[in-house]
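Asker: whatever this is, show me its structure:
(chains A and B)
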Protein chains: 2
Amino acid sequence: MAEKRGNVIVGQSGGPTAVINSSLVGVYKTAKDRGAGKVYGMLHGVQGLLQEKYVDLSEHIRSDLDIELLKRTPSSFLGSCRYKLPEYTDKPEVYEKIFEILKKLEIEYFFYIGGNDSMDTIKKLYDYGQEIGSNIHFMGVPKTIDNDLAVTDHTPGYGSAAKYIGSITKEIIRDGLVYGTSQVNVMEVMGRNAGWLTGATALACCEDCEGPDMIFLPEVDFDMENFLTKVQKLLKEKTSLVIAVSEGIHMADGTYVCELTENVSQVDSFGHRTLTGAASYLANKVASTFGCKSRAIEISTLQRCAAHLSSRVDITEAFQVGGAAVKAAFEGANGMMITLKRVSDEPYICVTDIYDVHKIANVEKKVPREWINETGDFVMPPFIGYIKPLIQAELTAIMTDGLPRHLTLNLNQ
Amino acid sequence: MAEKRGNVIVGQSGGPTAVINSSLVGVYKTAKDRGAGKVYGMLHGVQGLLQEKYVDLSEHIRSDLDIELLKRTPSSFLGSCRYKLPEYTDKPEVYEKIFEILKKLEIEYFFYIGGNDSMDTIKKLYDYGQEIGSNIHFMGVPKTIDNDLAVTDHTPGYGSAAKYIGSITKEIIRDGLVYGTSQVNVMEVMGRNAGWLTGATALACCEDCEGPDMIFLPEVDFDMENFLTKVQKLLKEKTSLVIAVSEGIHMADGTYVCELTENVSQVDSFGHRTLTGAASYLANKVASTFGCKSRAIEISTLQRCAAHLSSRVDITEAFQVGGAAVKAAFEGANGMMITLKRVSDEPYICVTDIYDVHKIANVEKKVPREWINETGDFVMPPFIGYIKPLIQAELTAIMTDGLPRHLTLNLNQ
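Answerer: I've put the predicted structure just below:
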């Protein structure tokens, strides 16, 4: 019998992934197995918590089958938010409110599944908790398809997004070849400042596929002339080109390629501009310059919610980081984030570790320059070697009536 | 031992599907099993044949594993074309050339896997063959994700596209719910004149998903005012809307919604305009009218090549129509297309039949008006009941190194 523990609360924040709910059940199941009292889920993260929106997870995860379904359910089961916790000095009442609610619920352990911005929340709550002598443990559980969190080898969510992107790149390449006439497909992949996801299109370079022809990441300034020269050269050698670009590619002067169109860009609550249109701009540019057929393919929302094609390694690791966060917190850890530490590449061995959240929050990890070729239009073998283990194996989908089954929660409560 | 038969040639034409290669192996394997001599594959359909581009399929489909891989390989293995065979009176030399090549290869059976335009090719070649007293049998094998072929209950390719569309609609709906803030996602699905594919988004109405909020098909004139009024009403009731539109939706005066943008439209070799931008136009319209977040999601190429999530019923039927075409031709049929005939709904029982290609070519089957609701913004239960059996079950993917494996052919020979 596990030692009796206090109450737990867990939230999900930021953009969803295909496996974020595997981390949620990792937290839930481990907490329950290790003697937790109530395990609450905050609805829509800290933003919902501030409105006292939460559920008792035991009422919603009721069986082993529910756990298996949640591992296969994309997007945040508990809802998410893009809420930036204000500085304490600006709005002390926000902190007082959160701690008042946590006190009322007799919370001793607070887990937040998210990326950079979410780790900033954990950092601030931990700092405030220390200030007031709170006994609540604040722990970060890494999650983001963007793979841009510092210290951790990679982030849960990335492997499944990469597997999906690699798979559909193969399918798009196959599709492009059928007519034997000149055609340029430009795929637009998520990634504002880091090209981790776009680089995953290179996975399509394999025994039965030649892979994309060019890959442009935001880590290197985009050179329009070089781009057009290469397209012209390639069109002389082959009929169908597939080119992958990150949504955030920009010119040397900082102008985003997507800003070259007339599309109005929007700003989210973290002040990040919405960047779409780079592929569309480049596809039109190619068509008007070379008079050939071209098409922009925005991978869009699906790269972060395609649970129907997720990586078993990723789902497993997502569960593990959730469980490891609970274990560490129950053993006294506080103000930390769980990280993944790659012990070996061949065979791939990866363990969880733990790290000070202050050194992770708000830091963005980019693709190393040496993993991108000199001309900035493709990735190098070590990058592919890095991703490969993360996309291995599948978790058999649970299908009902022909479609993947999910476990869902009414978020309007 | 099967009776010895003459040589066979098979081609693939028009837009690819996720299961078009299952029909190819249906033709190949059945022909071989029933005593065919050589089985040739024309590269890029009739257009490639005219340039004497073909392969001996036995050199490329060498094992049972190859057959299984082909069933899972999207896009046309042999390449495709969008070549419109001219009228005999306009260009007799084209017909003479084709029959000269067929004679040289000692072809007795000619199979063409395709949709409306491809059946036009079969019709014309058959008519010319009769004219000159040829002994070659010309047979059509139905294929199109668009499901717009006449006479046949449905077309192979449609079930897998519908299953993919239903699945990702569920995922997109889940994704849209996370923030709890007003958001409108407009999905653009293929379908110029027929709404079969767009209607498949309604499959997402199931036990664990409420489905899309509105569905607009090209069969009914699009009413912008009704659209905006409904969006406004729905935004008062719920936060996240998912709306599906066919690329070909148009106003009462015939103007395509996508033409309301400044995007230049292109024309393909059949004179069909390229229609994209309806979702983008509507998403912008919603954002500017209601000031809420909106996003256009073009399903694009993936709806016709997502072999990673195909329907086993569809793959099986695709194989069957290929095999049935061979069986019928070997038994004397000529100038015919194989059709699918639904014998029963519950349980779903479907058999192959055969029909005069003259009555199928160039006819477009649309969604019956009574399968669309009165206000033209959703589909009726009989439509969903019609699709459901076609999306059932899966064929386990063959994965290598984390990605779906395909069988491919170098088309530059």
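Asker: the stretch 301-413 of chain A: helices as residue ranges?
Answerer: Here the stretch 301-413 of chain A has its helices, by DSSP state H, counting those that start in this stretch, at A:302-305, A:312-330, A:381-387.
Asker: so which of the ones you listed is nearest residue B:364?
Answerer: helix A:302-305 (29.5 Å; CB to CB). Any C-beta I mention is one placed from the backbone N, CA and C, and that applies to glycine too.
Asker: quick one: that closest one near chain B?
Answerer: Yes: against chain B, helix A:302-305 shows contacts by CB under 8 Å from any CB of the partner chain at A:302, A:304-305.
Asker: picking up where we left off before, adding mean neighbour count, write the helices of the stretch 301-413 of chain A out as a markdown table.
Answerer: Below are the helices of the stretch 301-413 of chain A laid out as a markdown table (neighbours: other CB atoms under 10 Å in any protein chain shown):
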| stretch | mean neighbour count |
| --- | --- |
| helix A:302-305 | 25 |
| helix A:312-330 | 25 |
| helix A:381-387 | 17 |
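Asker: buried ones in the helix or strand hosting residue A:127?
Answerer: If you go by DSSP states H and E, residue A:127 is part of helix A:116-131. Within helix A:116-131, the residues scored as buried using 16 or more other CB atoms under 10 Å in any protein chain shown are A:116-126, A:128-129.
Asker: which SSE is immediately downstream of it?
Answerer: Next along from helix A:116-131, by DSSP H and E: strand A:137-142.
Asker: after that following strand, next one along is what?
Answerer: helix A:158-177.
Asker: give me the pLDDT for residue A:268.
Answerer: Here, the pLDDT recorded for residue A:268 equals 48.
Asker: an error on my part: the question was meant for residue A:104.
Answerer: Listed pLDDT for residue A:104 reads 98.
Asker: what about it, neighbour count?
Answerer: Counted with other CB atoms under 10 Å in any protein chain shown, residues neighbouring residue A:104 total 9.
Asker: got the residues of the stretch 151-300 of chain A near chain B?
Answerer: Within the stretch 151-300 of chain A, the positions lying close to chain B (CB under 8 Å from any CB) are A:163, A:166-168, A:170-172, A:174-175, A:177-180, A:185, A:203-204, A:206-209, A:266, A:293, A:295, A:297-298, A:300.
Asker: let's see 6 Å
Answerer: Within the stretch 151-300 of chain A, the residues that sit near chain B (CB under 6 Å from any CB of the partner chain) are A:163, A:166-167, A:171-172, A:174-175, A:178, A:180, A:208, A:297, A:300.
Asker: among these, which two are most distant?
Answerer: Put simply, by CB to CB the two of these set farthest apart are A:163 and A:180, 29.7 Å from each other.
Asker: so for those two, which sits in the more crowded spot?
Answerer: More neighbours surround residue A:163 than the other of residue A:163 and residue A:180, with 31 against 19 (other CB under 10 Å).
Asker: wait, the more buried one sits on residue A:392?
Answerer: No: contact between residue A:163 and residue A:392 fails when scored by CB atoms under 6 Å: they sit 8.4 Å apart.
Asker: how is chain A partitioned into domains?
Answerer: Per automatic domain parsing, the structural domains of chain A span A:7-157+A:307-363+A:394-404, A:158-305.
Asker: rank these by mean pLDDT and give me the bottom one.
Answerer: domain A:158-305 - the lowest mean pLDDT of the domains of chain A, at a mean of 92.
Asker: what is the end-to-end distance of that domain?
Answerer: Length of domain A:158-305, first residue to last, CA to CA, to the nearest Å: 11 Å.
Asker: next one: that domain to chain centre, how far?
Answerer: 19 Å (CA atoms, centre = their mean, to the nearest Å).
Asker: what do you get for stretch A:331-343?
Answerer: Counting by CA atoms, centre = their mean, stretch A:331-343 comes out at 18 Å from the chain centroid.
Asker: just the buried residues of it, please?
Answerer: Quick answer for stretch A:331-343 (16+ other CB under 10 Å): A:333-340.
Asker: from the residues you listed, which are also near chain B?
Answerer: Okay, of these, nothing touches chain B (CB under 6 Å from any CB).
Asker: what bridges to residue A:403?
Answerer: Residue A:403 has the following beta-bridge partners by DSSP bridges: residue A:400.
Asker: close enough to count as contact, it and residue B:165?
Answerer: No: using CB under 6 Å, residue A:403 is not in contact with residue B:165, being 10.3 Å away.
Asker: looking at those two, which has the bigger crowd around it?
Answerer: Higher neighbour count among residue A:403 and residue B:165: residue B:165, with 30 against 26, using other CB under 10 Å.
Asker: strands of the stretch 201-350 of chain A, start to end?
Answerer: Applying DSSP state E, counting those that start in this stretch to the stretch 201-350 of chain A gives strands spanning A:205-206, A:209-210, A:214-216, A:240-246, A:293-298, A:336-344, A:349-356.
Asker: go through those and name the closest to residue B:44.
Answerer: strand A:240-246 (12.3 Å).
Asker: ok, the residue of the stretch 201-350 of chain A found nearest chain B - contacts?
Answerer: Minimum separation of the stretch 201-350 of chain A from chain B (CB to the nearest CB) falls at residue A:305, amounting to 4.3 Å. Contact analysis of residue A:305 by CB atoms under 6 Å, 6 or more residues apart in numbering or on different chains lists A:74-75, B:171, B:175.
Asker: what does residue A:407 give?
Answerer: A:66, A:69-70, A:73.
Asker: which strand residues bridge residue A:140?
Answerer: residue A:112, residue A:337.
Asker: distance of it relative to residue A:149?
Answerer: 9 Å (CB to CB, to the nearest Å).
Asker: of those two, which one has the most company?
Answerer: Using other CB under 10 Å as the criterion, residue A:140 and residue A:149 rank with residue A:140 on top: 31 against 28.
Asker: so what's that one up against?
Answerer: With CB under 6 Å, 6+ apart, residue A:140 has these contacts: A:112, A:119, A:122, A:337, A:357.
Asker: related to what we said a few turns ago, what helices and strands are in contact with the helix holding residue A:127?
Answerer: Secondary-structure packing of helix A:116-131 (3 or more CB pairs under 6 Å, 6 or more residues apart in numbering or on different chains; DSSP states H and E): strand A:107-114, strand A:137-142.
Asker: for the ones you listed, which one ends up most surrounded?
Answerer: strand A:137-142 (a mean of 28; mean count of other CB atoms under 10 Å in any protein chain shown).
Asker: relative to strand A:107-114, how tilted is it?
Answerer: 20 degrees (axes from the mean of the first three to the mean of the last three CA atoms, to 10 degrees).
Asker: now do strand A:137-142 against helix A:158-177, angle only.
Answerer: 20 degrees.
Asker: just the CA coordinates for strand A:137-142, please, in PDB.
Answerer: Output of strand A:137-142 as PDB, limited to C-alpha atoms (Å, rounded to 0.1, in the frame of the first residue of the first chain):
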ATOM      1  CA  HIS A 137       5.300  21.500  -4.900                       C
ATOM      2  CA  PHE A 138       5.200  23.000  -8.400                       C
ATOM      3  CA  MET A 139       6.400  20.800 -11.300                       C
ATOM      4  CA  GLY A 140       6.700  21.200 -15.000                       C
ATOM      5  CA  VAL A 141       5.900  18.400 -17.400                       C
ATOM      6  CA  PRO A 142       7.400  19.100 -20.900                       C
END
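Asker: now do that strand and strand A:336-344, the angle between them.
Answerer: Using the same axes, to 10 degrees: strand A:137-142 against strand A:336-344 is 40 degrees.
Asker: contacting residues around residue A:261?
Answerer: Residues in contact with residue A:261 (CB under 6 Å, 6+ apart) are A:277, A:281.
Asker: what does residue A:404 give?
Answerer: A:308, A:397, B:167.
Asker: picking that back up, for residue B:98, state which of the contacts of residue A:407 is nearest.
Answerer: Nearest member of these to residue B:98, counting by CB to CB, is residue A:73, at 53.4 Å.
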